[in-house]
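[1] I'd like to go over a predicted model; first the sequence, then the structure.
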Amino acid sequence: MGERRTKGWGEPGEKYWSEQQLFFALKVSKAFDLSVAVDDLFIQEKQASGKNIKAILNFETSSNEMVLVKVGISAISAENALQNLSEEIPHWDFNKTLSETQSIWEKELSKIKVEASDKNKIIFYTALYHSLLAPYLYNDVNKEYLGLDKQIHTAEGFNNYTVLSLWDTFRAENPLLTLIAPDKTNDLVQSMLAQYDQYGLLPVWPLWSSETNCMIGYHAIPVIVDAYFKGIRNYDVEKAYQAMRTSAMQDNFGVKELKQYGYIPYDIYNKSVSAALEYCYDDWCIAQMAKDLGKMDDYNYFISRSSGYKTYFDKEYKLMNGFSSKGSFRRPFDPFFSSYGECDWVEGNSWQYSFFVPHDVQGLINLYGGSEEFVNALDTLFSMPMGMSGHDVPIDITGLIGQYAHGNEPSHHVAYLYNYAGQPHKAQQRLHEIMSTLYTDRPDGLCGNEDCGQMSAWYVFSAMGFYPVNPAEGIYILGKPMVENVEITIGNKLFKVKTAGWNDENIYVQSVKLNGEVYNKLFITHTDIVDGGILEFTMGSVPGNFGDSVLPPSLSEILSE
């Protein structure tokens, strides 16, 4: 048994330190002689502490004899690590352990069954597997875990999770879990509320028992709101709402400036526009839950904040741009500029962030002057040169098609925006290009950082033919399937996607049926799926006539209610 302490990625501070502690217990199936070395010097003792320790296990074995090793870990104690090991793998049957593990994965992966070419099936199930790897269970078999206050807590009535890469995963990974693993989603919400109790704020990017505060936004909020409106509510709803409100009213990370100015000035807060656009979306989510709970003053306040994206729309360039405390846009303005240093953007540039208004796409279209101008802007995004300016362009900006960057999350919803402007065939064309060129069946089959399942969850949704552009809205925008048939198991219901005429040339949707009836909407609802049914696509090689752009009301219509 032993312990390892590191001071890796985490948020330092006087109250909460970023040190991670890992206890372990190891069992072997055969007796051994133990030697211990410190700084490569052997010592007589059987225990030691320091920074460079090695334990050497010497076995007397016969030819081809197998020695089995089991290891348990814990964030609490070596004794807990031993208990975890003893209860999770009580036997020495390697093949049984392998079979049990395979059965668990087979059950999870079988929640979505697809028919496709061998290549596309490999890509799909690799993506689904990646989507289910994170977040990570973070409590022992006795339910103890180390909280962000560095105290030992017990997860009462839920499983505690860590590694919540929320800036990435709120977009598709978490909505995928609400669909195929709602119990886990409920555990995630309770884990977030536990962090709120221990830390005072909802998580941003928690790792182990530290808050890294990596990336921007308070994106625990859309995850909670999405769960709430999909009926996942086995937690204190009022507490969840207050935790969201507290996180949105803090004085850190540009929120103080947002409350003071009504926007975040670029000359006062670095990365202002990216942060502000993400806050606009999160605030829309809070407003929806506030309205449902009858908190109309909060609804009016947060729905107003959610429309703040309009402040950053520079009409001269028809792109988002930094806005100063003096009330003027950044000049000179370089929409290709991106930097780890002083910059209005986080892991992107103006082109990649100017389309991030998932809660009010019609409002964004209006800023561009209408659907035709909006489609022209999207066409330009995908067709312009891939180069960027800046002496230290973030390495995360990858998977480029023009200035569209699929290798990082801010672009993930963009191809679907053609639907909102009444040109779904252009969405279908770009989606086919992304899925067929930026996802492969090779070891390097992703065009960017997996980011705890988001890159793959995008593919899982898109390959089935739909995607949650606004993850907390309860609808999925239709795209084009990349597999021939899909069967999703949701409780005791089945939702099927069938595709007629699918091949690599027939990339355009000609018509759609839902439960046998002609269907002209460009979206389906979450209820459509969980109630079970059949969604049928008919494909062709030329753009079809499918799709009356029937989408949710714009923000302006919501405000006028």
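    Received it, and whenever you're ready, just let me know what you need.

[2] of all the helix elements in this protein, which one is longest?
    For the chain, the helix with the greatest residue count under DSSP state H is helix 272-292.

[3] just the buried positions in that one, please.
    272-291 (16 or more other Cβ atoms under 10 Å). C-beta coordinates here come from the backbone N, C-alpha and C atoms, glycine included.

[4] repeat that for stretch 194-212.
    Buried residues in stretch 194-212 (16+ other Cβ under 10 Å): 194-196, 198-199, 201-212.

[5] pull up the per-residue confidence for the residue nearest in space to the middle of the chain.
    Centroid-nearest residue in the chain: Thr169, 0.6 Å away (criterion: Cα atoms, centre = their mean). At Thr169, the model reports a pLDDT of 98.

[6] also Asp40?
    82.

[7] my read: it touches Asn52, true?
    Yes: the criterion here is Cβ atoms under 8 Å, and Asp40 meets it with Asn52 at 7.3 Å.

[8] so which residues of the stretch 301-450 of the chain form strands?
    313-314, 319-320, 400-401, 404-405 (DSSP state E, counting those that start in this stretch).

[9] and of these, who's closest to Val163?
    Judged by Cβ to Cβ, the one of the strands of the stretch 301-450 of the chain that comes nearest to Val163 is strand 404-405, at 23.6 Å.

[10] from the buried residues of stretch 194-212, which land in helices?
    Reading helices off these with DSSP H, I get Ala194, Gln195, Tyr196, Gln198, Tyr199.

[11] ok but Phe537 is inside a helix, no?
    No: judged by DSSP: H, G, I helix; E, B strand; the rest coil, Phe537 forms no part of a helix; its state is strand.

[12] thought it was touching Val509?
    Yes: using Cβ under 8 Å, Phe537 makes contact with Val509 at a distance of 5.6 Å.

[13] shared neighbours, the two?
    Here Phe537 and Val509 share the contacting residues Lys480, scored by Cβ atoms under 8 Å, 6 or more residues apart in numbering.

[14] so Thr101: helix, strand or coil?
    helix.

[15] what about it, distance to Ile89?
    For Thr101, the distance to Ile89 equals 10 Å [Cβ to Cβ, to the nearest Å].

[16] neighbour count winner among these two?
    When Thr101 and Ile89 are compared for neighbours, Ile89 comes out ahead with 17 against 10, by other Cβ atoms under 10 Å.

[17] so how far is Asn142 from the residue nearest to the more buried one when sequence neighbours are not counted?
    In space, and not counting its chain neighbours, Ile89 is closest to Lys70: 5.5 Å by Cβ to Cβ, 6 or more residues apart in numbering. Relative to Asn142, Lys70 is positioned 18 Å away (Cβ to Cβ).

[18] mind listing the strands for the stretch 151-300 of the chain?
    Using DSSP E, counting those that start in this stretch, the strands of the stretch 151-300 of the chain run over 152-154, 161-162, 206-207, 210-211.

[19] what is the mean pLDDT for the last one?
    Averaging the model's pLDDT scores along strand 210-211 yields 92.

[20] wait, what's in contact with the closest residue in space to Arg430 that isn't next to it in sequence?
    Spatially, and ignoring its direct neighbours in sequence, Arg430 is nearest to Ala415 (4.2 Å; Cβ to Cβ, 6+ apart). Contact analysis of Ala415 by Cβ under 8 Å, 6+ apart lists Tyr404, Ala427, Arg430, Leu431, Ile434, Gly479.

[21] show me where pLDDT drops low in the chain?
    Residue ranges of the chain with pLDDT under 70: 10-18, 548-561.

[22] show me the contact partners of stretch 278-287.
    Taking Cβ under 8 Å, 6+ apart as the rule, stretch 278-287 contacts 167, 216-219, 221-222, 225-226, 244-245, 248, 254-255, 258, 264, 298-299, 301-303, 305-309, 356-360, 472, 555.

[23] 6 Å instead?
    Residues from elsewhere that reach stretch 278-287, judged by Cβ atoms under 6 Å, 6 or more residues apart in numbering: 216-218, 221-222, 225, 244, 248, 299, 302-303, 305-306, 308-309, 358-359, 472.

[24] neighbours around Ala248, how many?
    The burial count for Ala248: 23, using other Cβ under 10 Å.

[25] rewinding a little: of Lys70 and Asn142, who's got more company?
    A count of neighbours by other Cβ under 10 Å puts Lys70 above the other of Lys70 and Asn142, at 18 against 15.

[26] what strands flank the helix or strand harbouring that one, and is each parallel or antiparallel?
    Using DSSP states H and E, Lys70 sits in strand 69-74. Looking at strand 69-74 with DSSP bridges, its partner strands are strand 20-28 (antiparallel).

[27] which neighbours does the helix or strand just after the partner strand have in its sheet, and in what orientation?
    The helix or strand immediately downstream of strand 20-28 is strand 33-38, counting by DSSP H and E. Partners of strand 33-38 in the sheet, by DSSP bridges, are strand 41-43 (antiparallel), strand 53-58 (antiparallel).

[28] need the ones you listed in JSON lines with distance to Leu514 and mean neighbour count, can you?
    Listed next are the strands paired with strand 33-38 as JSON lines, based on distance: least, Cβ to Cβ, whole Å; neighbours: other Cβ atoms under 10 Å:
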{"stretch": "strand 41-43", "distance to Leu514": "72", "mean neighbour count": "10"}
{"stretch": "strand 53-58", "distance to Leu514": "61", "mean neighbour count": "12"}
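
[29] could I get these as CSV with distance to Thr97?
    Formatted as CSV, the strands paired with strand 33-38 follow (distance: least, Cβ to Cβ, whole Å):
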stretch, distance to Thr97
strand 41-43, 34
strand 53-58, 21
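
[30] so which of those gets nearest Asp531?
    Of all the strands paired with strand 33-38, it is strand 53-58 that lies closest to Asp531, at 56.7 Å by Cβ to Cβ.

[31] need the CA coordinates for that closest one. CSV is fine.
    Extracted C-alpha coordinates of strand 53-58, given in CSV (Å, rounded to 0.1, in the frame of the first residue of the first chain):
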residue,chain,number,x,y,z
ILE,A,53,10.9,5.9,-4.7
LYS,A,54,10.8,2.5,-6.4
ALA,A,55,9.5,-0.8,-5.1
ILE,A,56,11.0,-3.9,-6.8
LEU,A,57,9.0,-7.1,-6.5
ASN,A,58,11.1,-10.3,-7.1
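
[32] how far does that strand sit from the chain's center?
    Remark: strand 53-58 is offset 40 Å from the chain centroid, using Cα atoms, centre = their mean, to the nearest Å.
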